[in-house]
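In: What follows is a protein structure lacking sequence information:
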């Protein structure tokens, strides 16, 4: 009997010892669970600006005490869905999505919401998805800026333009084109040629211009969905001896676009202060993870096709050679030496 009692006492002490040894691990896991985790799924990094968005968002989130897991879908919708499902299973607090196809993610976003994960549509709206926040620039205003820049630089009123749009699966493309076409209607400009570059592949636009040389030679301007498309089209215009004669506009203020503007082969670009956008998005992600309401004067509502979702629209800026130094160089977005790399004789003095 004494042996049995002794055995029981030893076992009890062993169990207590096990519990004590496990306790610190349990506490560490709790601390880990308490940290804010953000999953970020990018369309791809083909577009130059996305790398800047990523870097600013990640650094800002880390400063605010969050961990960020960045993934790139490389233009593959199914891969992006898998990434979002992975984020859900990994217990992310917030998922930030730069979508490939605005209309393809409603089901997986619904899965995230069921799991209690907050969802932010970054730069591109997700249709029929009831996201917790859509944060972008005023894309209709971007289109208006493009149209107004072309009109102001036409030799005479009216005239015709070519539209080389971005991916038709990107909801921002329709918003931009809506703004652009309104200006065309108001100013009496006609659209003589129109196409879209699937998945933002700029070579599709350059091939279109090649095949439609007759139209290109008779338009006053070309609206390009972004600066990458402009960069693919301008060499084609150069072969046709039209570079610098046909006004070309784009968006994103890519370095090469800014170089083309000071060189005279591109008329304008639209600068979107991505640092401000990424910082604001990161702070909103932290707030959503903490269960806080997004309350600010600039938080509005936009219809995603089914739901009215919170929307923050930041203002873009039209950039030409006249305000390049003030807007782009003055803000530190690009260095003066880089912008004027190919035309150092035009570089403004310090």
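Out: Sure thing, it's come through. Please read these numbers as outputs of a predicted model, since none were measured by experiment.
In: the helices in the stretch 201-350 of the chain, which residues?
Out: With DSSP state H, counting those that start in this stretch as the criterion, the stretch 201-350 of the chain has helices at 202-211, 213-216, 227-239, 255-263, 274-289, 324, 336-339.
In: what angle sits between the fourth one and helix 227-239?
Out: So that's helix 255-263. Interaxial angle, helix 255-263 versus helix 227-239 (axes from the mean of the first three to the mean of the last three Cα atoms, to 10 degrees): 40 degrees.
In: ditto for the fifth one
Out: Between the direction of helix 274-289 and that of helix 227-239, the angle (the same axes, to 10 degrees) works out to 160 degrees.
In: from the middle of its chain, how far away would helix 274-289 be?
Out: Relative to its chain's centre, helix 274-289 lies at 13 Å (Cα atoms, centre = their mean, to the nearest Å).
In: ok so, going back, okay if I get the helices of the stretch 201-350 of the chain as TSV plus mean pLDDT, mean neighbour count and distance to residue 133?
Out: To be clear about C-beta, it is placed using only N, CA and C from the backbone, and glycine gets the same treatment. Listed next are these as TSV, based on pLDDT from 0 to 100; neighbours: other Cβ atoms under 10 Å; distance: least, Cβ to Cβ, whole Å:
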stretch	mean pLDDT	mean neighbour count	distance to residue 133
helix 202-211	97	18	30
helix 213-216	95	15	41
helix 227-239	97	22	27
helix 255-263	98	22	29
helix 274-289	96	21	6
helix 324	97	23	33
helix 336-339	97	16	34
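In: Would you reformat those as TSV and include distance to residue 307?
Out: Below are these laid out as TSV (distance: least, Cβ to Cβ, whole Å):
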stretch	distance to residue 307
helix 202-211	33
helix 213-216	40
helix 227-239	31
helix 255-263	35
helix 274-289	16
helix 324	40
helix 336-339	42
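In: so residue 161 sits in a strand?
Out: Yes. Counting by DSSP: H, G, I helix; E, B strand; the rest coil, residue 161 is found in a strand.
In: Distance of it relative to residue 272?
Out: Applying Cβ to Cβ, to the nearest Å, the value for residue 161 to residue 272 is 22 Å.
In: now swap in residue 227 and tell me
Out: Per Cβ to Cβ, residue 227 is found 11 Å from residue 272.
In: Can you check which residues contact both of those two?
Out: Residues touching both residue 227 and residue 272 by Cβ atoms under 8 Å, 6 or more residues apart in numbering: 251-253.
In: Neighbour-wise, give me the winner out of the residues you listed.
Out: Ranked by the number of neighbours (other Cβ atoms under 10 Å), these place residue 251 first, at 32 neighbours.
In: Just the pLDDT at the nearest residue to it once chain neighbours are set aside, thanks.
Out: If the residues on either side of it in the chain are set aside, residue 251 comes closest to residue 270, at 3.9 Å by Cβ to Cβ, 6 or more residues apart in numbering. The model reports residue 270 with a pLDDT of 98.
In: do residue 218 as well
Out: At residue 218, the model reports a pLDDT of 93.
In: and what of residue 73?
Out: Looking at residue 73, its pLDDT is 95.
In: With residue 267 instead?
Out: In this model, residue 267 is scored at 98, pLDDT.
In: gap between it and residue 89?
Out: 48 Å.
In: higher neighbour count, those two?
Out: Between residue 267 and residue 89, residue 267 has the larger neighbour count (other Cβ under 10 Å), namely 23 against 10.
In: so what's the residue positioned nearest the centre of the chain up against?
Out: Central residue of the chain (Cα atoms, centre = their mean): residue 123, 4.1 Å from the mean position. For residue 123, the contacting residues are 53, 98, 135-137, 172, 277, by Cβ under 8 Å, 6+ apart.
In: can you give me phi and psi for it?
Out: With angles defined as degrees, to the nearest 10, residue 123 sits at phi 70, psi -40.
In: Next, format the shared contacts of residue 227 and residue 272 as CSV and append distance to residue 59 and pLDDT.
Out: Shown next, in CSV, are these (distance: Cβ to Cβ, whole Å; pLDDT from 0 to 100):
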residue, distance to residue 59, pLDDT
251, 24, 97
252, 20, 95
253, 20, 96
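In: Relative to residue 54, how far out is the residue lying closest to residue 52 once chain neighbours are set aside?
Out: Nearest residue to residue 52 in three dimensions, chain neighbours excluded: residue 274, at 5.3 Å (Cβ to Cβ, 6+ apart). Residue 274 sits at a distance of 10 Å from residue 54 (criterion: Cβ to Cβ).
In: Same question for residue 68.
Out: 9 Å.
In: Can you give me the domain boundaries for the protein?
Out: Domain ranges of the chain: 35-137+273-314, 139-272+318-346, per automatic domain parsing.
In: Can you list the low-confidence ranges for the stretch 51-200 of the chain?
Out: Within the stretch 51-200 of the chain, the stretches falling below the threshold (pLDDT under 70) are 156-158.
In: Hmm, residue 132 is touching residue 289, no?
Out: No. Using Cβ atoms under 8 Å, residue 132 is not in contact with residue 289, being 10.2 Å away.
In: anything in contact with each of these two?
Out: By Cβ under 8 Å, 6+ apart, the residues touching both residue 132 and residue 289 are residue 118.
In: residue contacts, residue 309?
Out: 121, 129-134, 301-303.
In: 6 Å - rerun?
Out: Shown here is residue 309, whose contacts under the criterion Cβ atoms under 6 Å, 6 or more residues apart in numbering are 131, 134.
In: now do the one 10 residues further on
Out: Contact criterion Cβ under 6 Å, 6+ apart gives 253, 269, 271, 327 as the residues in contact with residue 319.
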